[in-house]
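K.L.:
predicted coordinates and the sequence they were generated for:
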Protein chains: 2
Amino acid sequence: MSEVRRLEVLRAIVEDYVHSREPVGSKALVERHHLGVSSATIRNDMAALEEEGLIVAPHTSAGRIPTDKGYRLFVDRISDVKPLSPAERRAIQTLLEGADDLDDVMDRTVRLLSQLTHQVAVIQYPQLGRARLRHIEFVLLAPARALVVVIADNGKVEQQVIGLPAEVTDQQLSDLRTAFLAELSGHPLEALRGLVDGTVQQVRPESAAVARELGAALVKLAEATHEERILLAGTANLARSTMDFPLTIGPILEALEEQVVMLRLLSEMQQDARGVSVRIGSENPYGSLAETSVIATGYGPDALAKVGILGPTRMDYPTTMAAVRAVARYLSRILAG
Amino acid sequence: MSEVRRLEVLRAIVEDYVHSREPVGSKALVERHHLGVSSATIRNDMAALEEEGLIVAPHTSAGRIPTDKGYRLFVDRISDVKPLSPAERRAIQTLLEGADDLDDVMDRTVRLLSQLTHQVAVIQYPQLGRARLRHIEFVLLAPARALVVVIADNGKVEQQVIGLPAEVTDQQLSDLRTAFLAELSGHPLEALRGLVDGTVQQVRPESAAVARELGAALVKLAEATHEERILLAGTANLARSTMDFPLTIGPILEALEEQVVMLRLLSEMQQDARGVSVRIGSENPYGSLAETSVIATGYGPDALAKVGILGPTRMDYPTTMAAVRAVARYLSRILAG
DNA sequence: ACTTAGCACTTAGGCGTGTTGAGTGCTAAT
DNA sequence: ATTAGCACTCAACACGCCTAAGTGCTAAGT
């Protein structure tokens, strides 16, 4: 009962099950994979694997299917990341290079990834913690109503309309803008909170109240870039893969729609040596995702923002991991260029 | 065989079927609704209704269910829009008033509507056709790379990073901004295309190439505000209502994800006298939506942008229509205030 | 100490058969 | 125009049966 063959059996079970969606038995196994032993021997191995909690039999006389633990072992020790085909690489490259906007890049990436993997793709907008303030704009919309715009040096723009405590003129607003800009320009966005007060105290007393409002808006906008957005694509794939289980699809869709949930989920994924992070079924902290796996990885200069996919635990891990990794790499390259 | 009773029978069938999800027979009908006649009479009426194509029997010995045409008649002539409960009205009001941002308003509205109706809610960002150019900003990110920002007088901001055909200085860029602004400020966004050329020709020859690029970006951004964004919520509701039909949910999700499709769908909805527009099942131009109905209405000052819901043809039209209408009204009020 | 053949045992799932119940259409009487 | 009555249809459910796949175990073989 060699150790290596047992792992080989596990691999075979996982691969066959992912491919056929049906529990796989000892006989079918020796037929399809040329392990040099008989089905009886495989049965013994399987019993051992079941003992270890790596596989289970759905009912007495059916084949075995991998448990979450089994998938975990498969991912960690058995499988190799399958490289993408040249055609796929080319497709990724040309598609992503055609994008102009940051929004466009994100949109294309997430669609691409969902098509590549046939799963639900998720992408988190780049984090801007390190971004610095490039520009401020105040636009008077009404006598006591202004649009506040913050532009970061990485191209991200945030804006908000606020009401002002008093009527102001265009000139007044322009002066305030200059004052704020002189003080804040070039500083990291997260440092703005500590700096606006200084500016507020410098302006003439009659503008102080207005300046205070504007400063608060600036801080809020700067910090709003922290609470990242999530983009989804390919939710229809859920229907395909979970067809047998239309009961679970509802909760999954709910979770997907809750940006907060998805953000936490992604932020908790620490990528490992292979460059991607995998969460399998019950490893997920959310009950509604107990039958789904998440594969994600960081991208961008500091790999802080995440991109990945979500699908049923029964998925083709090697190729999916490869796709996620490849897309993340191309994405990083595009953003850097 | 009075005309009015036949319509009454249709109404009863629709209401019972929506409520029970099961084909409704003549006997059950006379029991639940106190029509003063026997089941045999109802059977005759039903035969007539079936003759007119308003109801069908799924198989020989089952009750009848409404056809799309039946729902249409029900919506147009039989049903009254059911007013919302005071509690619901209060909920709408307090929830929407708590929003600060435009994004926040949209987000809250669409979530609210999906919870209110238990359907998938859709909202289109306000259209800006009438909007005028308020401000332009060029920000130099690298020697030949600039961020172009367009600000409209209704608070909408669009930005894009573009590459420039030559290296420019901050001063050059600033001058170009001034030139463009002088020419374009206050003009409607959709008129920009015809105006940028004039500016390009006024600038000094060495800046012409750069100006051309910038002008093109301005036009693109101004027109980008036309292609509106769509926000979704409550897709999980699809799983609930379409539980029997997990086959159709995939295509529906695909359609929902395609903003282009949804935008066309919404733009084609012309609201009628009752203030909402209803598309029932096969009335929809898209095959994948053949079993879903859409209820939408315009909102905002000119009712150009749309908000609405999408769900199975078997839905509670009166209350859902009421909810859509109410939410749209509150939304208009919030945006105007 | 593994491996293997053989065998008894288990069980989901497919298939035919009856049975039931809801619902219809038609006819004849009111 | 309505209604009671009746014969008829058919989905849905329940049984019962059988088969195929697959297992665990034992005993024999290497």
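P.N.:
Yep, it's here.
K.L.:
what segments of the stretch 101-250 of chain A are strands?
P.N.:
A:120-124, A:133-142, A:145-152, A:157-163, A:230-233 (DSSP state E, counting those that start in this stretch).
K.L.:
want to throw those into CSV with mean pLDDT, distance to chain B and mean neighbour count?
P.N.:
All C-beta atoms are positioned from the backbone trio N, CA, C, and that covers glycine. What follows is the strands of the stretch 101-250 of chain A, written out as CSV (pLDDT from 0 to 100; distance: least, Cβ to the nearest Cβ, whole Å; neighbours: other Cβ atoms under 10 Å in any protein chain shown):
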stretch, mean pLDDT, distance to chain B, mean neighbour count
strand A:120-124, 97, 10, 27
strand A:133-142, 83, 5, 19
strand A:145-152, 85, 5, 22
strand A:157-163, 81, 5, 19
strand A:230-233, 95, 6, 21
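K.L.:
quick one: low-confidence ranges for the stretch 51-200 of chain A?
P.N.:
The stretch 51-200 of chain A contains residues with pLDDT under 70 at A:127-129, A:154-155.
K.L.:
near DNA strand D, which residues of it are found?
P.N.:
A:57, A:60-64 (Cβ under 7 Å from any atom of the strand).
K.L.:
please pick the buried ones from those residues.
P.N.:
Buried subset of those (neighbour count, 16 or more other Cβ atoms under 10 Å in any protein chain shown): A:63-64.
K.L.:
now, the residues of the stretch 51-200 of chain A next to DNA strand D that are in strands?
P.N.:
Of these, none are assigned to strands by DSSP state E.
K.L.:
quick one: the residues of the stretch 51-200 of chain A next to DNA strand D as TSV, columns for distance to chain B too.
P.N.:
Below are these laid out as TSV (distance: Cβ to the nearest Cβ, whole Å):
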residue	distance to chain B
A:Ala57	26
A:Thr60	28
A:Ser61	28
A:Ala62	23
A:Gly63	25
A:Arg64	27
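K.L.:
please convert the residues of the stretch 51-200 of chain A next to DNA strand D to TSV, extending it with distance to A:Leu7.
P.N.:
Converted to TSV, these look like this (distance: Cβ to Cβ, whole Å):
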residue	distance to A:Leu7
A:Ala57	19
A:Thr60	26
A:Ser61	25
A:Ala62	22
A:Gly63	18
A:Arg64	15
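K.L.:
tell me which of the residues of the stretch 51-200 of chain A next to DNA strand D is nearest to B:Asp103?
P.N.:
Of all those, B:Asp103 sits closest to A:Arg64, with 49.4 Å by Cβ to Cβ.
K.L.:
how close does that closest one get to A:Val18?
P.N.:
Using Cβ to Cβ, to the nearest Å, one gets 13 Å for the distance from A:Arg64 to A:Val18.
K.L.:
equivalent analysis for A:Gln119, please.
P.N.:
Between A:Gln119 and A:Val18 the distance is 13 Å, computed by Cβ to Cβ.
K.L.:
what do the two both touch?
P.N.:
Common neighbours of A:Gln119 and A:Val18 (criterion: Cβ atoms under 8 Å, 6 or more residues apart in numbering or on different chains): A:Met315.
K.L.:
and those two? which has more neighbours close in?
P.N.:
A:Gln119 (30 against 20; other Cβ atoms under 10 Å in any protein chain shown).
K.L.:
my guess is the more buried one contacts A:Thr313. True?
P.N.:
No - A:Gln119 is not in contact with A:Thr313 according to Cβ atoms under 8 Å; the separation is 11.7 Å.
K.L.:
run through the helices of chain A in chain order.
P.N.:
Here chain A has its helices, by DSSP state H, at A:3-20, A:26-32, A:39-51, A:68-73, A:86-97, A:102-117, A:170-184, A:196-202, A:208-224, A:236-241, A:246-257, A:259-267, A:317-336.
K.L.:
name the nearest residue to A:Thr235, ignoring sequence neighbours.
P.N.:
With sequence-adjacent residues excluded and distances taken as Cβ to Cβ, 6 or more residues apart in numbering or on different chains, A:Thr235 is closest to B:Leu253, at 4.9 Å.
K.L.:
how many neighbours does that neighbour have?
P.N.:
Burial measure for B:Leu253: 26 neighbouring residues, criterion other Cβ under 10 Å.
K.L.:
my read is that it contacts B:Thr235, right?
P.N.:
Yes - here B:Leu253 reaches B:Thr235: they are 6.8 Å apart, a contact under Cβ under 8 Å.
K.L.:
can you pull the residues that touch both of these two?
P.N.:
The contact lists of B:Leu253 and B:Thr235 share A:Thr235, where a contact means Cβ under 8 Å, 6+ apart.
K.L.:
in stretch A:75-89, which residues are buried?
P.N.:
Using 16+ other Cβ under 10 Å as the burial criterion, the residues of stretch A:75-89 that qualify are A:75, A:78-79, A:81, A:84, A:88.
K.L.:
do the same with stretch A:47-62
P.N.:
A:49, A:54-56.
K.L.:
where are the low-confidence patches of the stretch 201-337 of chain A?
P.N.:
Counting by pLDDT under 70, the stretch 201-337 of chain A contains low-confidence residues at A:225-227, A:243-246, A:273.
K.L.:
and if we set it to 80?
P.N.:
Residue ranges of the stretch 201-337 of chain A with pLDDT under 80: A:223-228, A:241-247, A:270-274, A:337.
K.L.:
so which residue of it comes closest to DNA strand D?
P.N.:
A:Arg314 (16.3 Å; Cβ to the nearest atom of the strand).
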